[in-house]
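# what's the 3D shape of this:
(4 chains)
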Protein chains: 2
Amino acid sequence: MTSHAGEAGVGQLRVGARERILDTAYDLFSHNGIGSVGIDRIIAEASIAKATLYRHFPSKEELVLAFLELREQRWTHDWLETEIDSVARTPKGRVLGVFDALDEWFHSADFEGCSFIKTLLEIDEPDSPIHRAAAGHLAAVRHKLQIYAEQAGARDPEEMGYQLQVLMMGAIVSAGRGDLEAAGRSRAFVERLLESST
Amino acid sequence: MTSHAGEAGVGQLRVGARERILDTAYDLFSHNGIGSVGIDRIIAEASIAKATLYRHFPSKEELVLAFLELREQRWTHDWLETEIDSVARTPKGRVLGVFDALDEWFHSADFEGCSFIKTLLEIDEPDSPIHRAAAGHLAAVRHKLQIYAEQAGARDPEEMGYQLQVLMMGAIVSAGRGDLEAAGRSRAFVERLLESST
DNA sequence: TGTTGACTATACAAACCTGTCTCACTACTG
DNA sequence: CAGTAGTGAGACAGGTTTGTATAGTCAACA
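Prediction:
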C-alpha cells in the first residue's frame, strides 16, 4: 500500500532510478537554475530516496555536470541542430536557420533560457568544474556555428563563429528580459553579414 | 585597543556607516553576484555590526535593490555615459563610442560583468522585486541607447535601441566567457547598422 | 531457500543562511 | 553633567543546505 510499489515493479526494472533522477534534475535545473534547486526538491519530485541519488551521483556537482551534458545532447544536438537540418536546405539557409529556430524557441510556451549562459554567470569562479563545463558546452555551440559558416563560404569561419555567437547570446538574453522579437533583430544582422563576409 | 576606534573617530562622523555598507555590498555583489554573498560577509568586510546593517536596510532584498540603484548611478551614468561624452563628438560617434567603452571595460584588470544581466538571470522569478528592478535598470540603458540612436538620425530609434542592446549584451556575455574582443565584433555590426538605418 | 543488491524512508550531522536581540561604548546635545 | 542616538561585537533563533548513516523492503538469482 505504500506508494513506491504502485507504478511498474520496484527495483532496477522500474525505469532506472538514475534516469528518473537526471530527468527531474533536467527539468528543475533548466527552468530554475542550479543554485535555487536543492537536492531535497529533486528527490521529492523524482520520488526516490536520498541515498539512491547519492549512489548514482557522488555529489550535487556531479549531478550538475551530468545535467549540462544532457543539456548539450537535448538542446544543442537533438533540438537546435535537428531543427536546422530539417528546415534549411542551402548552406546560407542553415546559418539563418539558427535564428529561425531561436525565434520559435522564444515564442514557445515555456521558454526557459540558455542553461549554459545562466550556469556560467551563476557560478562565476573560473576554476570551478561547473563553470568550465558550461564554457565548454558554449564552445561546442560556437564550433557548430563555425562549421555552418564554413559551409556557407565564409572567408573567416572562426571569426564568423564568434560573431554569430555574440548575436545568438545577445538575442537569448534579450528574450529572457521579455524581448520576444530578439531573434529577428539578430537575423537581420546575419543577412548582411552573409552578404559581406562570403 | 579594539579595532573599531582606530580609524577616524567612531560614531556617525566615521564616514557614515550606511555609506560603508553600500560600498562593500557594491564590491561584493558586483564581483560575486547576489546569492553567493551573505550578510555575514558584508558586515565583516565593512567592519560594521549586523544590527547596524539592519537599521539602514530592513532586509537583504532592500540592500540588493539599493545596490542595483547604485550600480545604475556608477556604471550606467558615471562610467558609460561619461566615457562616451568625453570621447565622442559626433552623434554617430557616440553610438560607436558605446562599444569603444565596452572594449576598454573588457580589457580592464577586474572586468566583473554586467550586474543587471547577472541578477536578472540569477533571480528569474518575474514577480520578484529584484528581478523587476534589474529589468528596469536594463530598460534605462536601452532608453539611453535609443536617445543616442535618435541623435544619430535613426529612422526608427526605438528599434535601433533594441538592436544596440542585443549587440551590447551579446558582447558582454561573450566577454564573460573569455572573448575579450567581443566589443569589436559588435562594433562592426553597428557601423553597418548606422550606414543602412539612418 | 537464503543471499545479494538496489531501493525507500527517515533521522541526523555540520555548515550555512537571514534576521533579532542584548550589551557596552562613544559622541553629540541640552 | 545627564540623556540620547548610533554603533560594534556577538549570542541566538529558526530556517535552509549538502551529505551520511541506519533500518527495513523488494526482486532476482544460485
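# does the helix or strand harbouring residue A:30 reach DNA strand C?
Using DSSP states H and E, residue A:30 sits within helix A:17-32. Yes - Helix A:17-32 reaches DNA strand C (C-beta under 7 Å from any atom of the strand) through A:17-18. Where C-beta positions appear, they are placed from N, C-alpha and C, glycine not excepted.
# in that helix, what's buried?
Neighbour-count burial for helix A:17-32, counted by 16 or more other C-beta atoms under 10 Å in any protein chain shown, picks out A:17-18, A:20-22, A:24-30.
# export whatever helix or strand comes next after that helix as PDB, just CAs?
Per DSSP H and E, helix A:17-32 leads on to helix A:39-46 as the next helix or strand towards the C-terminus. Only the C-alpha atoms of helix A:39-46 are listed here, as PDB (Å, rounded to 0.1, in the frame of the first residue of the first chain):
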ATOM      1  CA  ILE A  39      18.700  18.000  -3.600                       C
ATOM      2  CA  ASP A  40      15.600  17.600  -1.400                       C
ATOM      3  CA  ARG A  41      13.400  19.000  -4.200                       C
ATOM      4  CA  ILE A  42      14.900  16.700  -6.700                       C
ATOM      5  CA  ILE A  43      14.400  13.600  -4.700                       C
ATOM      6  CA  ALA A  44      10.800  14.700  -3.800                       C
ATOM      7  CA  GLU A  45       9.800  15.300  -7.500                       C
ATOM      8  CA  ALA A  46      11.700  12.200  -8.700                       C
END
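# so does helix A:39-46 get close to chain B?
No - using C-beta under 8 Å from any C-beta of the partner chain, helix A:39-46 stays clear of chain B, coming no nearer than 15.1 Å.
# now do the buried residues in the very next helix or strand once past that helix.
As assigned by DSSP H and E, the chain's next helix or strand after helix A:39-46 is helix A:50-56. By neighbour count with 16+ other C-beta under 10 Å, helix A:50-56 contains the buried residues A:53, A:56.
# could you give the mean pLDDT of the next helix or strand after helix A:50-56?
Using DSSP H and E, the helix or strand that follows helix A:50-56 towards the C-terminus is helix A:60-71. Mean per-residue pLDDT for helix A:60-71: 98.
# angle of helix A:60-71 against helix A:39-46?
The directions of helix A:60-71 and helix A:39-46 differ by 50 degrees, with axes from the mean of the first three to the mean of the last three C-alpha atoms, to 10 degrees as the criterion.
# ok, helix A:60-71 near DNA strand D or not?
Yes - contact of helix A:60-71 with DNA strand D (C-beta under 7 Å from any atom of the strand) involves A:60-61.
# could you name the helices and strands sitting against that helix?
If contacts are counted by 3 or more C-beta pairs under 8 Å, 6 or more residues apart in numbering or on different chains; DSSP states H and E, helix A:60-71 sits against helix A:17-32, helix A:115-122, helix A:129-151.
# pLDDT score for residue A:93?
pLDDT, residue A:93: 97.
# that one sits in which helix or strand?
Following DSSP H and E, the helix or strand that holds residue A:93 is helix A:91-107.
# for the closest residue to residue A:165 other than its chain neighbours, give its distance to residue B:114.
Computed as C-beta to C-beta, 6 or more residues apart in numbering or on different chains, the closest residue to residue A:165 that is not its neighbour in sequence is residue A:142, at 4.8 Å. According to C-beta to C-beta, to the nearest Å, residue A:142 and residue B:114 sit 20 Å apart.
# same question for residue A:161.
23 Å.
# who's more crowded, those two?
Remark: of residue A:161 and residue B:114, residue B:114 carries more neighbours, 25 against 22, as counted by other C-beta atoms under 10 Å in any protein chain shown.
# list the contacts for that one?
Applying C-beta atoms under 8 Å, 6 or more residues apart in numbering or on different chains, we find residue B:114 in contact with B:169, B:172.
# and chain A, which residues reach chain B?
Residues of chain A lying near chain B (C-beta under 8 Å from any C-beta): A:32-33, A:35-36, A:113, A:117-118, A:120-122, A:124, A:135, A:138, A:159, A:162-163, A:165-171, A:173-174, A:176-179, A:181-182, A:185-186, A:188-189, A:192-193, A:196.
# so where's chain A shaky on pLDDT?
A:1-15 (pLDDT under 70).
# picking that back up, residue contacts, the residue nearest to residue A:165?
Residues in contact with residue A:142, defined by C-beta under 8 Å, 6+ apart, are A:161-162, A:164-165.
# try residue A:68
By C-beta under 8 Å, 6+ apart, residue A:68 lies in contact with A:115-116, A:119, A:130, A:133-134, A:137.
# so which of those residues would you say is closest to DNA strand D?
Closest approach to DNA strand D among the contacts of residue A:68 (C-beta to the nearest atom of the strand): residue A:130, at 11.9 Å.
# now that closest one, nearest residue through space, not along the chain?
Closest to residue A:130 by C-beta to C-beta, 6+ apart is residue A:123, at 4.7 Å.
# the one you found touches residue A:34, doesn't it?
Yes - contact criterion C-beta atoms under 8 Å: residue A:123 and residue A:34 qualify, at 6.9 Å.
# joint contacts of the two?
Common contact partners of residue A:123 and residue A:34 (C-beta under 8 Å, 6+ apart): residue A:130.
# quick revisit: check the contacts of residue A:142 and tell me the two furthest apart.
With distances taken as C-beta to C-beta, the most widely separated pair in these is A:162 and A:164, at 7.4 Å.
# please say which of these two ends up with more neighbours.
Remark: of residue A:162 and residue A:164, residue A:164 carries more neighbours, 27 against 19, as counted by other C-beta under 10 Å.
# now do that one against residue A:170, distance only.
Distance from residue A:164 to residue A:170, counting by C-beta to C-beta: 11 Å.
# same thing with residue A:187?
12 Å.
# neighbour-wise, which of those two wins?
Taking other C-beta under 10 Å, residue A:187 and residue A:170 do not tie; residue A:170 has more neighbours (29 against 19).
# residue contacts, the closest residue to the more buried one other than its chain neighbours?
For residue A:170, ignoring the flanking residues on the chain, the nearest one in space by C-beta to C-beta, 6+ apart is residue B:170 at 2.5 Å. Residue B:170 sits next to A:165-171, A:173, B:182, B:186 when contact means C-beta under 8 Å, 6+ apart.
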